[in-house]
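**Student:** can you look at this prediction? I've put the sequence above it.
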Amino acid sequence: MVGAILAVLLSLTPAAEDVAEVAEMRADRLRQVAEAIDAATGDEATQAALISAAWSETRLAASAQRGECPAGAGDCDKGRAKGVWQLHPWCKASMQPSDLVGQAVCARKALRGPLARCGSWERAFGGYASGHGCKPWPERERRRTNYLSKLRAHKARLRSH
């Protein structure tokens with residue numbers, strides 16, 4: 001449900017560079033991300049993981065969504081990482097700012113591989129961030145768990161209306 005994903009995205013603190021963004025523009029922009037997450041995933045756990053990864057990597061900054069390196073993202077892995085999920089060139093979609101669905105699919109794959117190999121979301125985030133290994137990343141897992149609860153609550157509210 002795009003509406004529940006969007007509600008979670010809108011509840012997140014905007015990137016520092018986006019604090020003055022007009023609310024309607026932010027909602028339109030994040031709706032595109034929500035639609036991409038919905039199209040790329042079939043389960044709430046993965047949706048929450050993609051939200052956690054995007055927020056952790058770029059704070060969902062508008063500049064990252066345009067394919068630029070957002071303020072505070074360091075050097076975007078020496079210019080190789082692009083998009084809200086900071087994907088590398090192996091993901092051809094990451095080089096096309098307009099292909100948010102493709103980016104979400106690549107981010108899902110970049111998380112699901114380590115999840116299968118490492119056995120937990122907490123360790124999968126370590127594999128996502130480094131490209132290998134299963135180093136626990138409890139901060140991102142706490143966020144994923146929080147976003148999963150929010151997704152479920154929003155979906156329940158949407159179904160009851």
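**Tutor:** Yes, it's here.
**Student:** where does this structure have low pLDDT?
**Tutor:** Within the chain, the ranges that satisfy pLDDT under 70 run 73.
**Student:** one more time with 80
**Tutor:** Scanning the chain for pLDDT under 80 picks out 71-75, 130-132, 161.
**Student:** and the helices in it, which stretches?
**Tutor:** With DSSP state H as the criterion, the chain has helices at 2-11, 23-40, 44-58, 62-65, 76-79, 100-118, 121-130, 138-160.
**Student:** for residue 88, find the nearest of those helices.
**Tutor:** Closest to residue 88 of these, according to C-beta to C-beta: helix 76-79, at 6.9 Å. Quick note: C-beta positions are derived from backbone N, CA and C, even for glycine.
**Student:** what comes up buried for that closest one?
**Tutor:** For helix 76-79, burial by neighbour count (16 or more other C-beta atoms under 10 Å) applies to residue 76.
**Student:** residue 144: how many residues sit nearby?
**Tutor:** Counted by other C-beta atoms under 10 Å, the residues lying close to residue 144 total 27.
**Student:** who's in contact with the spatially most central residue of the chain?
**Tutor:** What sits nearest the mean C-alpha location of the chain, by C-alpha atoms, centre = their mean, is residue 54, with 2.8 Å. By C-beta atoms under 8 Å, 6 or more residues apart in numbering, the contact list for residue 54 reads 33, 60, 84-85, 107.
**Student:** and for residue 47, the neighbour number?
**Tutor:** Residue 47 has 25 neighbours, counted by other C-beta under 10 Å.
**Student:** swap that for residue 11, sorry
**Tutor:** 10.
**Student:** where's it relative to residue 146, distance?
**Tutor:** 10 Å (C-beta to C-beta, to the nearest Å).
**Student:** may I have stretch 53-62 as PDB, with CA atoms only?
**Tutor:** C-alpha atoms of stretch 53-62 as PDB (Å, rounded to 0.1, in the frame of the first residue of the first chain):
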ATOM      1  CA  ALA A  53      18.500   2.000   4.100                       C
ATOM      2  CA  ALA A  54      17.400   5.100   2.200                       C
ATOM      3  CA  TRP A  55      17.000   7.200   5.400                       C
ATOM      4  CA  SER A  56      20.300   6.000   6.700                       C
ATOM      5  CA  GLU A  57      22.200   6.600   3.500                       C
ATOM      6  CA  THR A  58      20.800   9.900   2.300                       C
ATOM      7  CA  ARG A  59      18.000  11.000   4.700                       C
ATOM      8  CA  LEU A  60      15.900  10.800   1.400                       C
ATOM      9  CA  ALA A  61      17.400  14.200   0.300                       C
ATOM     10  CA  ALA A  62      15.900  15.700  -2.800                       C
END
